[in-house]
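Asks: next come a sequence and a model predicted from it.
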Amino acid sequence: MFGLKGDKHRTCQVLHELPGRVRIHCPGLRHLADRTQEIGSQLRALPVVHSVSLSAHSENVLVLYDPAKASTQAVFDAVQSRMKDHALAAFKVERAQAIQSTVQERRLQQESIPEILARVLASAATLTFSALSTPKAPSSFLGRFLTAPALASLSLAWPILSSGWLSLVRSGRPNADTLSSTAILSSLLTGRDRAALTIIGLADLAELLTAYTMDRTRRAIRDMLSTGEDWVWRLEADGREVRIPIEKVRVRDAVVVKTGEKISVDGVVRGGEAAVDQASITGEFMPMRKQPGDKVFAGTVVKTGHLTIRAEKIGDETAVARIVHLVEEAGGRKARIQAFADRFSARFIPVNFGLSGLVYAATHHAERALNMLVIDYSCGVRLSTATALSAAIATAARNGVLIKGSDYLEALAEADTVVLDKTGTVTEGRPQVTSVSPTSAEAGERQVLELAAAAEETSTHPVAIAFMEKARRSGWSIPAHGPTQVFIGRGVQTTVKGSVVSVGSLPFMRERGIDLAAAESTTQHLVQRGEQIVYVARNRKLLGLVGIQDTLREDMKKSLNRLRALGMDDIVLLTGDVRQHAELVATRMAMDRYHAEVLPEEKSDVVLRLQQRGARVIMVGDGINDAPALACADVGIAMGSTRTDIAMEAADITIASDDPLMIPSVIRLSQKTMGIVKQNFATAIGVNTTALVLAALGKLPVVWGAAIHNATTVLVVMNSLRLLLHDMERNR
């Protein structure tokens, strides 16, 4: 319900504010619907508050207050404080109810994989030896416990017996091990030693497969998010390089990284030059050249060369380390279907005991009653569900997709609406010069761009970079120029050979008194093509127009087509760009709708409005301004090499690469996972129900009941293991 640890939905955030009015989004409010009146009353009792409106459906709190007596921050703190108090109270109630309705299960990783494997081999060897030897009938009751299978059963059953007993003592409720313990002991008491050992051996085999899958998952995530070396070389003030443990590195230390080594800090290159493989962080398949002034990240690898890096973020502060911690915290979150499997298993355990008593009362046949204990639903349903979800997360991590909890897999499979940010997601986020249109006989295309590049040469603005790249690719030289004057948000101005060159927007040209009449038709044409226009003038005379456009990502249209095939009924474009550009992109991509000129804080409002209409929303973004929307969506996906740390932390799923085809690929994986889980449910319930009926009628011996039940458990777990072989690359 309302998780407290590692749950992004517990933190409120201001969506919109005006003097005396603030709208606050509290995602946990949906889980506190029965407490909204009480929360509202407490807030209205505050002296500075005029009125309060709460909506559990939209998860919003609207507060009107006296701005002369309180600030927005004070009102926000009051709302968040009461939300946390009620969340804690609800959590305590939920936890108490959960303890009453569930049972204590033995953790799958209580024993290591080698230990479980040894148990499986011991069971198999003993059963083989028993089958090949000539069995002798026990001479006494005690002799039933002295055969090789019986002794092996007693030895191997200890973890099961202790878990079953402790569940009864601590919670007063039987668990799956209680049921297995009863079946094992009953089998031994009635002289069915092979049946007892079969129960143990097959149960251990199913747990071995599940434990193996979970170990693969942890290793895949650890490999994907490996933060660096255990030891690093620190450059001392006297020029010496000293090898120290990574834990001793401090901010502003100079760290030396050489060919083949991993970078262990986030920082800025202070010296040296190297080709750095950033695929684990940005998804770029080509190593990037790094030189003084460039930023580098922990977890990337120096392929050739060496770097001296000034550490800016170390240890838990690095981007990758924060994601690792988020994954660790998310490990405790279960998908609804996994929680249902656990509850289903727990509730059917007493049913098995009841059936056993009922069958014995009706037939007075101990073997039939014993079969009611041997055959149960809990193992197959519980283990196969955990294995499927774990295997899917491992497969995703192996392909560069980080899923922070199995609950997001389920939500992804159920989604029907996709909202995509434009810049950096649908487009590459790197503007390019797409056209140069001279408007005067005084200058041709080359001269217009050279003058524009001269004015923008010292700027780091994306448009300036686009000018420089176009000039370099064309082999054109950049004229010598004087100092550059920057007019923030409007344009730049410099001098070239004594002439004043102005480069900028339409308002900037009008401020300079430049006549733009000759460019009207060209302007309309470029706007219709979705290009952003930069004007270039010399000595107050317009020379030409430069069209800038952010190119669409390769394969994005194919990705959207596949999303529709996967059941996405509504695909929405979200952007802060002007309406003409948004309309052009939405039309080219055949999207259903678009929202243009949206402020960062308004993006989450768009997501919330969709959710109010019953949509299950996937939000795909990459930047700081996308973080609120990523946090509000049912599933937030951060994608691409330009994504920010904040976007990665707010998102539920992170795609390391720039490939948009990975979006439908991970959705297809989630749908396949849920399909396999449902197959396992049907198989486990169907086979075990049939076996129970046959056993009650006396048509199924105990040893075969144990074999069928445990073989079914192994079968559904192996069915879940198919997800480890799922090829996301081929299914892109």
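Replies: That came through, no problem.
Asks: what's stretch 62-81 in contact with?
Replies: 11-12, 14, 17, 19-24, 26, 43, 46-54, 61 (CB atoms under 8 Å, 6 or more residues apart in numbering). For the C-beta atoms, the positions are set from N, CA and C on the backbone; glycine is no exception.
Asks: how about the helix or strand that contains residue 446: buried residues?
Replies: Assigned by DSSP states H and E, residue 446 belongs to helix 445-456. Of the residues in helix 445-456, those buried by neighbour count under the rule 16 or more other CB atoms under 10 Å are 447, 448, 449, 450, 451, 452, 453, 454, 455, 456.
Asks: can you tell me how far the closest residue in space to the third one that isn't next to it in sequence sits from residue 472?
Replies: Distances taken as CB to CB, 6 or more residues apart in numbering place residue 436 nearest to residue 449, at 5.3 Å, with adjacent residues excluded. Taken as CB to CB, to the nearest Å, the spacing of residue 436 relative to residue 472 amounts to 15 Å.
Asks: next, residue 495: phi, psi?
Replies: Main-chain dihedrals, residue 495, degrees, to the nearest 10: phi -120, psi 140.
Asks: can you pull the contacts of it?
Replies: 481, 482, 483, 501.
Asks: try it again with 7 Å
Replies: Listed by CB atoms under 7 Å, 6 or more residues apart in numbering, the contact set of residue 495 reads 481, 482, 501.
Asks: with pLDDT added, can I get the buried residues of helix 445-456 in a markdown table?
Replies: Formatted as a markdown table, those follow (pLDDT from 0 to 100):
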| residue | pLDDT |
| --- | --- |
| 447 | 90 |
| 448 | 90 |
| 449 | 90 |
| 450 | 90 |
| 451 | 90 |
| 452 | 89 |
| 453 | 89 |
| 454 | 89 |
| 455 | 88 |
| 456 | 85 |
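Asks: same for the helix holding residue 446, what does it pack against?
Replies: Packing partners of helix 445-456 (3 or more CB pairs under 7 Å, 6 or more residues apart in numbering; DSSP states H and E): strand 427-438, helix 462-474, strand 491-496, strand 499-504, strand 532-538, strand 541-552.
Asks: among these, which comes closest to residue 620?
Replies: Closest to residue 620 of the helices and strands packed on helix 445-456 is strand 427-438 (CB to CB; 12.5 Å).
Asks: buried residues, the closest one. List them.
Replies: Across strand 427-438, burial judged by 16+ other CB under 10 Å covers 427, 428, 429, 431, 432, 433, 434, 435, 436, 437, 438.
Asks: so what's the first one bridging to?
Replies: Okay, so that is residue 427. Beta bridges link residue 427 to residue 552, judged by DSSP bridges.
Asks: what's the distance between it and residue 418?
Replies: Counting by CB to CB - residue 427 and residue 418 are separated by 16 Å.
Asks: could you list the domains of this protein?
Replies: Annotated domains of the chain cover 8-101, 231-317, 401-427+554-668, 428-552 [automatic domain parsing].
Asks: most tightly packed of those?
Replies: Ranked by mean neighbour count, these are led by domain 401-427+554-668 with a mean of 21 (mean count of other CB atoms under 10 Å).
Asks: and the helices in the stretch 101-250 of the chain?
Replies: 113-132, 148-156, 158-171, 176-189, 193-224 (DSSP state H, counting those that start in this stretch).
Asks: list the buried residues in the first one.
Replies: For helix 113-132, the buried set under the neighbour-count rule, 16+ other CB under 10 Å, comprises 116, 117, 119, 120, 122, 123, 126, 127, 130.
Asks: so which of these comes closest to residue 704?
Replies: Nearest to residue 704 out of these is residue 127 (CB to CB; 14.2 Å).
Asks: tell me how far the closest residue to residue 248 other than its chain neighbours lies from residue 272.
Replies: With CB to CB, 6+ apart as the criterion, residue 248 has its nearest non-adjacent residue at 8.0 Å, and that residue is residue 234. Look at residue 234 and residue 272: by CB to CB, they are 15 Å apart.
Asks: what of residue 145?
Replies: Taking CB to CB, one finds residue 145 at 72 Å from residue 272.
Asks: may I see the buried residues of helix 445-456 organised as TSV, with distance to residue 714 added?
Replies: Below are the buried residues of helix 445-456 laid out as TSV (distance: CB to CB, whole Å):
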residue	distance to residue 714
447	76
448	72
449	68
450	72
451	74
452	69
453	68
454	73
455	71
456	66
